[in-house]
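[1] please find the sequence and the predicted model below.
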Amino acid sequence: MALKHSAIAALWIAFPLCPSLAQESKPHTPARKLWSIAAVASIDITRAAAQSAAGETAPCAGIRPLGERDVRQFLGHARPIDRRAYLHDHFLTGDCYTEARVRFKDGRVATLGIANDAGTAVLTPVVRGKEQAPGRYLHCAQCTGLLDLADRELPK
């Protein structure tokens, strides 16, 4: 019974984090789907200083710490992408990662892991303190290099 409730809870939190709403089509423009994320109640920065996937900070010199405003900007402009696009089209070796825990107004919680150079992130639901796979893959074209300082040299 507990397993059944855990599975239901995981499904409940995973699907509606990023609800899609259909926009009315206009005669002269094709129909387009709008995408929005649930309303955010609070943000807890869990990894402000950027690190490489190997946990090194040296390759991420020239990147400022992640702040709540950055998370809100990313979530406000990001769009969902599929796993293939995340891993093949937008993946950068040596990218610098930051992380935040996001609590939504409806009580759901998720971890947002942002890849600074690629402008991508994974939004992973958290149930009873544990991350639930799979997460949602996001891309924010205008957030590429979001945390870069003016004098940052990109890794080669």
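    Arrived safely. Because the structure is predicted, anything quoted here is derived from the model rather than measured.
[2] roughly how far apart are residue 50 and residue 137?
    Residue 50 sits 19 Å away from residue 137, going by CB to CB, to the nearest Å. (Each C-beta comes from the backbone N, C-alpha and C, glycine too.)
[3] more neighbours, the two?
    More neighbours surround residue 50 than the other of residue 50 and residue 137, with 25 against 20 (other CB atoms under 10 Å).
[4] looking at it, the more buried one is touching residue 66, isn't it?
    Yes - with contact defined as CB atoms under 8 Å, residue 50 reaches residue 66; the gap is 7.4 Å.
[5] any residues in contact with both of those two?
    98, 147 (CB atoms under 8 Å, 6 or more residues apart in numbering).
[6] now the strands for this protein?
    20-22, 33-35, 40-51, 79-81, 97-104, 109-115, 120-127, 130-131, 136-139 (DSSP state E).
[7] export the ones you listed to a markdown table and tack on distance to residue 59 and mean pLDDT?
    Shown next, in a markdown table, are the strands of the chain (distance: least, CB to CB, whole Å; pLDDT from 0 to 100):
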| stretch | distance to residue 59 | mean pLDDT |
| --- | --- | --- |
| strand 20-22 | 36 | 38 |
| strand 33-35 | 32 | 50 |
| strand 40-51 | 9 | 95 |
| strand 79-81 | 24 | 87 |
| strand 97-104 | 11 | 95 |
| strand 109-115 | 13 | 93 |
| strand 120-127 | 17 | 91 |
| strand 130-131 | 25 | 89 |
| strand 136-139 | 22 | 88 |
